[in-house]
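Asker: Have a look at this fold, sequence not included:
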């Protein structure tokens, strides 16, 4: 995991309407290594979904650069972006209606993505069934989405997302529409795919239990990365043995504030309230090798 598969350099995104401009990203910097399993969290409007859409080639930044697998997405033509979306990234959306064709069976849905490329129909069917088995849903191969539960549909959706052998799997709130038991099963599936395939997986989520089961959690606030949580080595080595319930009871991650290129650090509202800081002016001192911010 030494190579950066994703690099975001000073990403800015401004959405304009007739009456207002919204600054969704404010110079966001991010690096993700090949083979990482990462969760991106943040409040509504923080910019996390905008970031995911840019990584997926669905949106372009107003300024800055984004590189995926050494490709400069900002410099790509629309035709090149279409090719990028077909071959480099896989998508799993919260709403199964965005993932699956309602009139196709599970195996046909997986095959549908393969039909953009040339190949033997029998080999495509074999590959589709292998992917359904990999995601634990091969027993529903001939079922329509309407004949499956929400969790079963999401497993098929993950198989569909893997059909083009993507280098990055992008998941937007993949457990948002399922119960906690199904959520745990999907979480375990993502970890298995990450481990077995060395697949880079980036998950945007509000589900804290899901975030607790990944090795790196990135918090986006006001269009920038404010903090990161890195799983402690003692838990990282025995992650397969720990249940979601156990992980939710312990401090498995260590939290770090993130400095941008201008050496600025974003302080959360919770931190300021705990320190009793209400003004926009603070005192910064160095004491015993520590930087202390106070009123």
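Answerer: Yep, that arrived. All values reported here derive from a predicted model rather than from experimental measurement.
Asker: so where's the stretch 51-200 of the chain shaky on pLDDT?
Answerer: The stretch 51-200 of the chain contains residues with pLDDT under 70 at 96-97.
Asker: Please enumerate the helices of the stretch 51-200 of the chain.
Answerer: 78-87, 96-99, 106-114, 121-134, 150-161, 180-197 (DSSP state H, counting those that start in this stretch).
Asker: out of those, nearest to residue 12?
Answerer: Set against residue 12 and scored by C-beta to C-beta, those come closest in helix 78-87, at 18.9 Å. (Glycine included, C-beta is placed from N, CA and C.)
Asker: on that earlier part again, can you list the helices of the stretch 51-200 of the chain in TSV and add distance to residue 294 and mean neighbour count?
Answerer: TSV is the format used below for those (distance: least, C-beta to C-beta, whole Å; neighbours: other C-beta atoms under 10 Å):
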stretch	distance to residue 294	mean neighbour count
helix 78-87	48	14
helix 96-99	48	16
helix 106-114	55	22
helix 121-134	53	16
helix 150-161	47	24
helix 180-197	40	17
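Asker: In CSV: those helices, plus distance to residue 5.
Answerer: As requested, these are arranged in CSV below (distance: least, C-beta to C-beta, whole Å):
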stretch, distance to residue 5
helix 78-87, 13
helix 96-99, 23
helix 106-114, 21
helix 121-134, 21
helix 150-161, 16
helix 180-197, 13
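Asker: list the buried ones in stretch 40-57?
Answerer: Neighbour-count burial for stretch 40-57 flags 40-42, 46-57 (criterion: 16 or more other C-beta atoms under 10 Å).
Asker: Show me the contact partners of it.
Answerer: 6, 8, 11, 13, 24-26, 28, 30, 59-61, 66, 68, 73, 76, 81, 84-85, 88-89, 91, 168, 170, 172, 202-206, 208, 211, 217-224 (C-beta atoms under 8 Å, 6 or more residues apart in numbering).
Asker: Can you give me the first-to-last residue distance of it?
Answerer: By C-alpha to C-alpha, to the nearest Å, the extent of stretch 40-57 from end to end equals 17 Å.
Asker: still on that earlier bit, buried subset of the contacts of stretch 40-57?
Answerer: Here, 16+ other C-beta under 10 Å leaves 6, 8, 11, 13, 24-26, 28, 30, 59, 61, 66, 68, 73, 81, 84-85, 88-89, 91, 168, 170, 172, 202-205, 211, 217-221, 223-224 buried among the contacts of stretch 40-57.
Asker: Among those, which lie within strands?
Answerer: 6, 8, 11, 13, 24-26, 28, 30, 66, 68, 89, 91, 168, 170, 172, 202-204, 217-221, 224 (DSSP state E).
Asker: that older thread, of all the helices of the stretch 51-200 of the chain, which one is nearest residue 280?
Answerer: helix 180-197 (39.6 Å).
Asker: Just want the angle from the closest one to helix 121-134.
Answerer: In terms of direction (axes from the mean of the first three to the mean of the last three C-alpha atoms, to 10 degrees), helix 180-197 departs from helix 121-134 by 120 degrees.
Asker: I'd like the mean pLDDT over stretch 25-45, please.
Answerer: The average pLDDT for stretch 25-45 rounds to 90.
Asker: related to what we said a few turns ago, can you tell me which of the buried residues of stretch 40-57 lies nearest to residue 110?
Answerer: Looking across these and measuring by C-beta to C-beta, the closest to residue 110 is residue 56, at 19.3 Å.
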